[in-house]
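S.K.: Fold the following.
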Amino acid sequence: MQPQIRRQHHMPFGAQLTAAGEVRFRLWAPAARQVDVILYDSGGTQPLAMRSLPGGWFELETGAARPGSRYRLRLDGVREVADPASRCNPEGVHGPSEVIDPCAFAEGTFAGVAARLEHLARLGVTAVELMPVAAFPGTRGWGYDGVLPYAPQGSYGTPQELKALIASAHRHGLAMLLDVVYNHFGPEGNYLHWYAPQFFTERHVTPWGPAINFDGPDSATVREFFIHNALYWLEEYHFDGLRLDAIHAVHDESEPHIVNQIARAARAAEGRSRTIYLTLENLDNAVRFLGAAGAAATCDAQWNDDAHHCLHVLLSGESGGYYADYARQPQALLCRALAQGFAYQGEPSGYLGRPRGESSAHLPPSAFVNFLQNHDQIGNRARGERLSALLPDEAALRAAAAVLLLAPAPPLLFMGEEWAATEPFPWFCDFEPQLAARVRAHRNRELPGSADPAAASTYACARLDWRRLEEPRHAQALQYHRRLLAIRRREIAPLLARLRAGSCTRSADGAAFTVEWAAGEQLLRLSANLSATAAPRVGSAAGRVIFATQGDAGAGLAGEQLAPWSVLWLLESGA
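M.R.: Sure, this is the predicted structure:
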């Protein structure tokens, strides 16, 4: 990738360096009467009054601050808070913010990720996605309880080190994506309720309380806050894309929807100079946020929970909770998910007690990110077990990986999945004691027997032991994933731009299935038996074998039978 010029993203919030070498502080605090900037230096604290502006804004330009200055905002003379648009909060969400020069950064590391980039490049992946890095309370957490959306978490490293990580990824030929949370703020360290209650609305309710105000009175500034946040990560840090978390909990009855507005702003800001990749999570399976790759006001892809749930039921036999919707006919629903994206396209969901989803057959396979594991699906278990720890039959996991990594939809691997890591990934946090106790009790009611999320040992057990790569089982798993991704790069990637939704055929008993995708005069065909017993093959077996779980070109086929846990990929060319 070409070297990129660092620039400052200009926004109406936070601390901004001016052309005159001063710092402009700006805060939206419509519920406050007076706001001061408190500068901390070797001589103590220095309060500077901000002038009141129309619309609830306060502003100060001063030469007393510079890059590296630590500051808080004092509200009505009684409460000091971090800047909600802080670019850096090195002492945590309760500590002072720091003025940053976005154009200056030195090479460094960010949470040790940079040291693993060569491993990922050799694996054959093309992009790395970070879970949210917005500053959250404590020193350990998943990142979904962030309260300062512009400040990288201090325990991970500095803004400069995060920028260095992204630059290093680009040198390895890897794109870098960031998970962002625009549906709620975390429960500790968020003071917006006190001085800008207009950020929230009682008109909509989320699992985390009152919703963020995207469509009520005074919502224009709230919308601007999050639009600028998306642009900030893309422009100042050179992230190559974003994953928008839990869009089903972003309530916006106005037009355009905030998700579409963020997408349009992101596309317009970068123009044609680079490709921005936008994905989202949406349990409602709504299609309004998805369109052709790079379309002006839509996202490129959605994480496909349907495909995951089908595969998980087939592999594990589990049918509790939301898996109940997939337990009766997992092969049929998987077939539909692989061919058309969503398995539920308006059908009733017994788990939700209402219809779920919309028709998705008009969308290309590239609009759906498929996966066998991710942070949610592992962390939603009481002990956070991975599939590699749950499944006694490695053939089942290998078959599922062959479906995932060679299907046209972009595949996602969770960290360590490529070498069958067995370390769990339970949910963990580092809240203050009273909040931690409430969270612990809630977690045990929801998932009895859960690991204590606030215990340091819960976090420690989730860390990968890279030394295990030397063990034969893990080395073989890594080699297998490298092989599959090499086949994807050689055989599947050249077809992707021409592939459209596929068609599916199943055997009478439903155990085996065949999915076909047309790409001009070529036909990509998957025949699979994801069960522990042999099953009759269905559909055509024509074409060149590009992969088979059992070895050579006749792999998995005994006459017209598919062996247990067998996967056969073929590419048929037209006359």
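
S.K.: Now do the helices in this protein.
M.R.: According to DSSP state H, the chain carries its helices in the segments 117-123, 159-171, 192-195, 219-235, 258-270, 305-316, 324-327, 330-340, 375-379, 387-390, 394-406, 433-446, 456-461, 472-487.

S.K.: can you tell me which of the ones you listed comes nearest to Ala20?
M.R.: helix 219-235 (21.9 Å; CB to CB). From N, CA and C alone the C-beta is placed, and that goes for glycine too.

S.K.: Which positions in the closest one come out as buried?
M.R.: By 16 or more other CB atoms under 10 Å, the buried positions in helix 219-235 come out as 219, 221-235.

S.K.: in this structure, which helix or strand is least confident?
M.R.: Taking mean pLDDT, DSSP states H and E as the measure, the chain has strand 557-558 as its least confident helix or strand, at a mean of 49.

S.K.: circling back: could I get the helices of the chain as JSON lines with mean pLDDT?
M.R.: Shown next, in JSON lines, are the helices of the chain (pLDDT from 0 to 100):
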{"stretch": "helix 117-123", "mean pLDDT": "97"}
{"stretch": "helix 159-171", "mean pLDDT": "94"}
{"stretch": "helix 192-195", "mean pLDDT": "96"}
{"stretch": "helix 219-235", "mean pLDDT": "97"}
{"stretch": "helix 258-270", "mean pLDDT": "92"}
{"stretch": "helix 305-316", "mean pLDDT": "97"}
{"stretch": "helix 324-327", "mean pLDDT": "97"}
{"stretch": "helix 330-340", "mean pLDDT": "96"}
{"stretch": "helix 375-379", "mean pLDDT": "96"}
{"stretch": "helix 387-390", "mean pLDDT": "94"}
{"stretch": "helix 394-406", "mean pLDDT": "97"}
{"stretch": "helix 433-446", "mean pLDDT": "95"}
{"stretch": "helix 456-461", "mean pLDDT": "94"}
{"stretch": "helix 472-487", "mean pLDDT": "97"}
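
S.K.: got TSV for these, with distance to Leu499 too?
M.R.: Below are these laid out as TSV (distance: least, CB to CB, whole Å):
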stretch	distance to Leu499
helix 117-123	23
helix 159-171	27
helix 192-195	45
helix 219-235	28
helix 258-270	23
helix 305-316	16
helix 324-327	25
helix 330-340	11
helix 375-379	26
helix 387-390	27
helix 394-406	12
helix 433-446	40
helix 456-461	41
helix 472-487	16
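
S.K.: for the buried residues of helix 219-235, which one is nearest Arg274?
M.R.: Each of these was scored against Arg274 by CB to CB, and Leu234 proved nearest at 9.0 Å.

S.K.: Surely that closest one touches Ala266?
M.R.: Yes. The pair Leu234 and Ala266 qualifies as a contact (CB atoms under 8 Å) at a distance of 6.1 Å.

S.K.: so what's in contact with the two at the same time?
M.R.: 242, 276 (CB atoms under 8 Å, 6 or more residues apart in numbering).

S.K.: Tell me the one of the buried residues of helix 219-235 nearest Ile212?
M.R.: Checking the buried residues of helix 219-235 against Ile212 with CB to CB, the nearest one is Val222 at 6.5 Å.

S.K.: List the residues that contact that closest one.
M.R.: Neighbouring residues of Val222 by CB under 8 Å, 6+ apart: 198-199, 212-214.

S.K.: Out of those, grab the one that's most surrounded.
M.R.: The most crowded member of these, judged by other CB atoms under 10 Å, is Ile212 (26 neighbours).

S.K.: Is it bridged to anything, and to what?
M.R.: Phe200 (DSSP bridges).

S.K.: Now that it has come up, it's in contact with Val250, right?
M.R.: Yes. Under the criterion of CB under 8 Å, Ile212 makes contact with Val250 at 7.3 Å.

S.K.: what touches both of the two?
M.R.: 182-183.

S.K.: Nearest residue to Pro365 in space, please, no chain neighbours.
M.R.: Nearest non-adjacent residue to Pro365, counting by CB to CB, 6 or more residues apart in numbering: Pro408, 3.7 Å away.

S.K.: Same question for Gln377.
M.R.: Spatial nearest neighbour of Gln377, chain neighbours left out: His308 (6.0 Å); criterion: CB to CB, 6+ apart.

S.K.: do Gly56 as well
M.R.: Pro30 (2.9 Å).

S.K.: Quick check: phi and psi at that neighbour.
M.R.: Main-chain dihedrals, Pro30, degrees, to the nearest 10: phi -60, psi -20.

S.K.: Please report the distance of it from Val37.
M.R.: From Pro30 across to Val37, the span is 18 Å (CB to CB, to the nearest Å).

S.K.: More neighbours: these two, which one.
M.R.: Neighbour count, other CB under 10 Å: between Pro30 and Val37, Val37 has more, with 25 against 15.

S.K.: so the more buried one touches Pro47, yeah?
M.R.: Yes. When contacts are counted by CB under 8 Å, Val37 is listed as touching Pro47 (7.2 Å).

S.K.: Now for Trp112, how many residues are close by?
M.R.: Just so we're on the same page, residue 112 is Gly rather than Trp. The tally of other residues near Gly112 (other CB under 10 Å) stands at 11.

S.K.: Next one, pLDDT for it please.
M.R.: pLDDT recorded at Gly112 is 80.

S.K.: Relative to Glu394, how far out is it?
M.R.: Gly112 sits 29 Å away from Glu394, going by CB to CB.

S.K.: can you count the residues close to the closest residue to Ser254 other than its chain neighbours?
M.R.: In space, and not counting its chain neighbours, Ser254 is closest to Asp215: 4.2 Å by CB to CB, 6+ apart. By other CB under 10 Å, 19 other residues sit near Asp215.

S.K.: For Asp215, which residues are in contact?
M.R.: When contacts are counted by CB under 8 Å, 6+ apart, Asp215 touches 201, 203, 251-254.

S.K.: picking that back up, contact partners for the residue nearest to Gly56?
M.R.: Contacts here follow CB under 8 Å, 6+ apart; on that basis Pro30 touches 55-56, 195-196, 198, 218.

S.K.: Buried ones among these?
M.R.: By neighbour count, with 16+ other CB under 10 Å, these hold 56, 195-196, 198, 218 as buried.

S.K.: With distance to Arg171 as added columns, please give those in a markdown table.
M.R.: Below are the buried ones among the contacts of Pro30 laid out as a markdown table (distance: CB to CB, whole Å):
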| residue | distance to Arg171 |
| --- | --- |
| Gly56 | 44 |
| Tyr195 | 43 |
| Ala196 | 41 |
| Gln198 | 43 |
| Asp218 | 44 |
